[in-house]
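*Asks:* Sequence first, then the predicted structure:
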Amino acid sequence: MIRMSHRVEPFGTTIFSEINTLARQHNAVNLGQGAPDFDGPPEVLAAAVSALHSNANQYAPGVGYLAVRQAVADHAMRFYGQTVDPETEVAITAGATEAMLAAILGLLDSGDEAILFQPAFDSYAPQMRMAGVTTRYVTLQAPDWTFDPAELAAAFNDKTRAIILNTPNNPTGKAFNLTELEIIADLCRRHDVIALTDEVYEHLMYDGIAHIRLATLPGMAERTLTISSLGKTFSVTGWKIGWVIGPADLVTGVLRAHQFNTFAVASPLQLAAATALALPDSYYAQLTADFQARRDLVQSVLQRVGFEIWQPHGGYFVVGKWRNVAPYTIADDMAFTHWLIKEIGVACIPISCFYQESDRAAHPDWVRFAVCKTHTTLNAAVERLERLTATTRAR
């Protein structure tokens with residue numbers, strides 16, 4: 001009998017596909033998936049079009065064009081004072097998701113363990129499962145999404161090969177601070193563990209908080225693989241242009257997997273990445289200001305109608321505790337999400353889906369709203385969310 005493989009049987013359909021479908025069925029304003037409904041900078045789009053007409057339509061080198069790797073290295077020096085060799089310490093990938101998969105396949109073996117903070121972006125654990133890697137979870141505690149240093153230390157053992165760190169975190173918007181990063185770094189050094197850091201929201205930081213790269217801490221450059229991408233910073237999530245930065249031996253491991261996975265990344269879009277990364281400081285400053293205004297707008301209406309809010313340090317999202325704004329008959333975040341789409345006309349994502357299966361029932365209180373939308377979209381969502389005040393009064 002023909003059947004799917006055992007490694008993918010448990011996965012099901014992603015929560016994003018489910019919510020997107022439901023939102024379309026009910027004509028809801030979709031603040032679910034973190035995908036902008038506007039285009040990136042005109043000069044970046046123009047660079048891609050120019051590349052299309054400049055004989056850049058065949059395979060790129062598997063490692064990525066040198067000009068793009070140089071742009072990534074220049075960006076690392078410009079923003080973090082990080083010296084990177086574009087020849088040996090950078091590789092271009094099909095977005096951050098493929099970068100993480102290639103890192104897991106290229107640097108970890110079946111039977112190894114990797115530590116993962118939860119709630120966690122939903123691709124990490126399935127990728128480790130496909131690689132035969134065991135995930136050890138450390139839970140970030142609401143409402144501040146901090147971790148217990150003792151719990152983290154206890155997760156390390158002789159089988160630990162890597163820790164995955166997403167900062168700012170998806171879904172919560174938490175940016176790990178220097179004290180937290182120093183605790184993580186100390187444990188990595190003591191246990192000879194690799195750090196895989198997903199930093200795609202590095203330029204979406206709010207309230208004057210600075211993004212800190214784990215790789216810049218003492219003793220971490222030689223054991224950290226930094227992952228980022230073009231999509232979030234330049235509002236081109238569909239381009240799937242990402243990169244890894246790290247010591248040559250780690251990047252080589254990634255490339256060994258990457259070459260038999262995607263091999264190469266879209267040539268004209270890669271070349272446009274070099275233009276994007278070289279945009280002036282004014283672009284990055286305006287980006288932060290624009291997104292903080294979006295965050296503040298969504299956050300203010302959620303608070304006004306009764307959500308308990310965690311104010312994110314960065315990223316695309318605002319998370320809120322929903323129980324004060326829904327009928328008593330609603331039991332958990334998934335039921336609330338369906339109710340909000342059908343009755344109020346706004347889509348969000350239940351946070352319990354970002355926990356391991358056995359822990360989901362213990363974390364039913366939070367939902368995530370994406371703010372990476374036009375003001376027209378956000379204002380339409382605000383208008384509909386205002387209806388929740390009437391719902392709350394009727395409880």
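*Replies:* Looks like it arrived, so ask away.
*Asks:* can you pull the buried residues of the host helix or strand of A96?
*Replies:* Element membership for A96 (DSSP states H and E) is helix 95-107. Counting neighbours by 16 or more other CB atoms under 10 Å, one finds that the buried residues in helix 95-107 are 95-107. No exception for glycine: its C-beta is placed from N, CA and C like everyone else's.
*Asks:* Stretch 36-46 too?
*Replies:* Applying a neighbour-count criterion of 16+ other CB under 10 Å, the buried positions in stretch 36-46 are 36, 40-41, 44-45.
*Asks:* what's the closest of those residues to P247?
*Replies:* Out of the buried residues of stretch 36-46, the one with the shortest distance to P247 is V44. That distance is 29.7 Å, counting by CB to CB.
*Asks:* Tell me, how many residues neighbour the nearest residue to that closest one once chain neighbours are set aside?
*Replies:* Setting aside the residues directly before and after it, V44 is nearest to A276 in space (CB to CB, 6 or more residues apart in numbering), at 4.5 Å. One way to gauge burial is a neighbour count; for A276, by other CB atoms under 10 Å, it gives 25.
*Asks:* what's the helix holding A96 packed up against?
*Replies:* In this structure, helix 95-107 makes packing contacts with helix 124-130, strand 160-166, strand 194-198, strand 224-229, strand 242-245, helix 248-258, judged by 3 or more CB pairs under 8 Å, 6 or more residues apart in numbering; DSSP states H and E.
*Asks:* picking up where we left off before, and the residue nearest to V44, what does it touch?
*Replies:* With CB atoms under 8 Å, 6 or more residues apart in numbering as the criterion, the residues that contact A276 are 40-41, 44, 47, 230, 233-234, 236.
*Asks:* And for D148?
*Replies:* If you count contacts by CB under 8 Å, 6+ apart, D148 has them with 138, 141.
*Asks:* And it, how far from I184?
*Replies:* 13 Å (CB to CB, to the nearest Å).
*Asks:* Which pLDDT value goes with D74?
*Replies:* Looking at D74, its pLDDT reads 98.
*Asks:* all strands of the stretch 201-350 of the chain, in order?
*Replies:* Using DSSP state E, counting those that start in this stretch, the strands of the stretch 201-350 of the chain run over 224-229, 242-245, 308-310, 317-321, 346-347, 349-350.
*Asks:* So for L204, which of those sits nearest?
*Replies:* Checking the strands of the stretch 201-350 of the chain against L204 by CB to CB gives strand 317-321 as the closest, at 10.0 Å.
*Asks:* Dump the C-alpha coordinates for the closest one into CSV.
*Replies:* In CSV, the C-alpha atoms belonging to strand 317-321 read as follows (Å, rounded to 0.1, in the frame of the first residue of the first chain):
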residue,chain,number,x,y,z
PHE,A,317,3.7,40.5,16.1
VAL,A,318,1.8,41.5,19.1
VAL,A,319,0.6,38.8,21.5
GLY,A,320,-2.4,39.2,23.8
LYS,A,321,-4.2,37.2,26.5
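*Asks:* That one pairs with which strands, and in what direction?
*Replies:* Strand 317-321 has these partner strands in its sheet, going by DSSP bridges: strand 308-310 (antiparallel), strand 366-370 (antiparallel).
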